[in-house]
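Colleague: 3D, please:
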Amino acid sequence: MDVSSDLNFVECSPAVVIDKVSMTYRTTSRRHDSLEQKRSKSSRFRRLQRQTTSVRVPALKNISLVVGHGESVGVIGRNGSGKSTLLKIVCGQIPPTAGVVYASATPVMLGVNAALLPALSGDENIILGCLAMGMSHAEIDRKYDSIVDLSGLESAIHMPMKSYSSGMASRLRFSIAASIDPEILIIDEALNTGDAQFKDRTLNRMHELLDQASTVFLVSHSLSTVTQLCNRVVWLDDGELLFDGDPLDAVKAYRLFTQKFAAGDRIGAMKLRRRLIHDLEVADVLNRNDKRKSRALL
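Modeller: Next up, the predicted model:
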């Protein structure tokens, strides 16, 4: 399946609308001490007994997106940028502090709807997970073999899941979640799990989902996976939307951004960040006809 670099997206009905979503977490922090207090041994012990104070940590800041049926959206960004928080809000796992999310169907998040039990075997968990996602017994019988084949677990499917490695468990969750042909599928790093053969199978399954006009959100640190599977990329950094558009342009800018940080050029990285925000076209959720434009930034 070829992914076009042309960002003149086909007009289609929205699958997910994210309207001015913000998320702020409350956590605790210790008060900063003066230099003299930090040098004082007795003050050091007093700090261990001191009460903590409540602080607000913004995870997402006024995010607006309109995602249509048939779009595959890669979500990239550094650790702590808000990627997983955004997808948890989209699938209804947590409510946003501000804003609202609309979806044309219930989003299925990999490993969330299929709530598996470690004490049960893999084949028993397939039945449990499929029932939890609303499948009938007839549907489970019809799809059971394909789920096992996709997972690649073979004879291990009859062993307790608690004996699985984390990679084996992730493969089983993906296979169950992808079996229901969801209208909206959310995948968080799952495609980076497993050997080359499993990755090929998951890529093929992802292509099948896209061919069926499903909508996919994919969080991945593998930029090659994003460019292979996605026809659109959303880049988050420190809770802000920096880029929404062509995957190749996004990856090119992101690599330059991270290279500047790795080289200690924080000023250069921040200049690029400000330029991206300045050039960003914010989605107008009330007017789908406003098309996004490809930005050859570099």
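
Colleague: quick one, what contacts the closest residue to Leu272 other than its chain neighbours?
Modeller: Counting by Cβ to Cβ, 6 or more residues apart in numbering, Leu272 lies nearest to Phe257, which is 5.5 Å off, once chain neighbours are set aside. To be clear about C-beta, it is placed using only N, CA and C from the backbone, and glycine gets the same treatment. Contact partners of Phe257, counting by Cβ atoms under 8 Å, 6 or more residues apart in numbering, are Asp237, Ala269, Leu272, Arg273.

Colleague: quick check: mean pLDDT across stretch 169-186?
Modeller: The predicted model gives stretch 169-186 an average pLDDT of 84.

Colleague: Kindly check the end-to-end length of it for me.
Modeller: The first and last residues of stretch 169-186 sit 17 Å apart, counting by Cα to Cα, to the nearest Å.

Colleague: Tell me the buried residues in that stretch?
Modeller: Of the residues in stretch 169-186, 169-180, 182-186 count as buried by neighbour count, 16 or more other Cβ atoms under 10 Å.

Colleague: Restricted to strands, list those.
Modeller: Those of the buried residues of stretch 169-186 mapping onto strands are Ile184, Leu185, Ile186, per DSSP state E.

Colleague: quick one: contacts for the residue nearest the centre of the chain?
Modeller: For the chain, the residue nearest the mean C-alpha position is Val219 (3.4 Å; Cα atoms, centre = their mean). Residues in contact with Val219 (Cβ under 8 Å, 6+ apart) are Gly74, Val75, Ile76, Lys83, Ser84, Leu87, Ile187, Asp188, Glu189.

Colleague: do that again at 7 Å, thanks
Modeller: Val75, Lys83, Ser84, Leu87, Ile187, Asp188, Glu189 (Cβ atoms under 7 Å, 6 or more residues apart in numbering).

Colleague: if I pick the first one, what's in contact with it?
Modeller: What it means is Val75. Val75 neighbours (Cβ under 7 Å, 6+ apart): Lys83, Leu86, Phe217, Leu218, Val219, Val234, Leu236.

Colleague: Name every strand pairing with the helix or strand where it lies and say which way it goes.
Modeller: Per DSSP states H and E: Val75 is located in strand 72-76. Sheet pairing of strand 72-76 (DSSP bridges) gives strand 215-219 (parallel), strand 232-237 (parallel).

Colleague: Can I get those strands in a markdown table including distance to Asp279 and mean pLDDT?
Modeller: Shown next, in a markdown table, are those (distance: least, Cβ to Cβ, whole Å; pLDDT from 0 to 100):
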| stretch | distance to Asp279 | mean pLDDT |
| --- | --- | --- |
| strand 215-219 | 23 | 89 |
| strand 232-237 | 12 | 96 |
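
Colleague: could those be laid out in a markdown table, adding distance to Val226?
Modeller: A markdown table is the format used below for the strands paired with strand 72-76 (distance: least, Cβ to Cβ, whole Å):
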| stretch | distance to Val226 |
| --- | --- |
| strand 215-219 | 7 |
| strand 232-237 | 6 |
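
Colleague: Compare the ones you listed and give me the one nearest Val16.
Modeller: strand 215-219 (6.6 Å; Cβ to Cβ).

Colleague: and the closest one, C-alpha only, in CSV?
Modeller: Coordinates of each C-alpha in strand 215-219 appear next as CSV, following Å, rounded to 0.1, in the frame of the first residue of the first chain:
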residue,chain,number,x,y,z
THR,A,215,-9.1,5.2,11.1
VAL,A,216,-5.8,4.5,12.9
PHE,A,217,-3.8,6.4,15.5
LEU,A,218,-0.2,5.1,15.8
VAL,A,219,2.2,6.2,18.5
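
Colleague: All set now, cheers.
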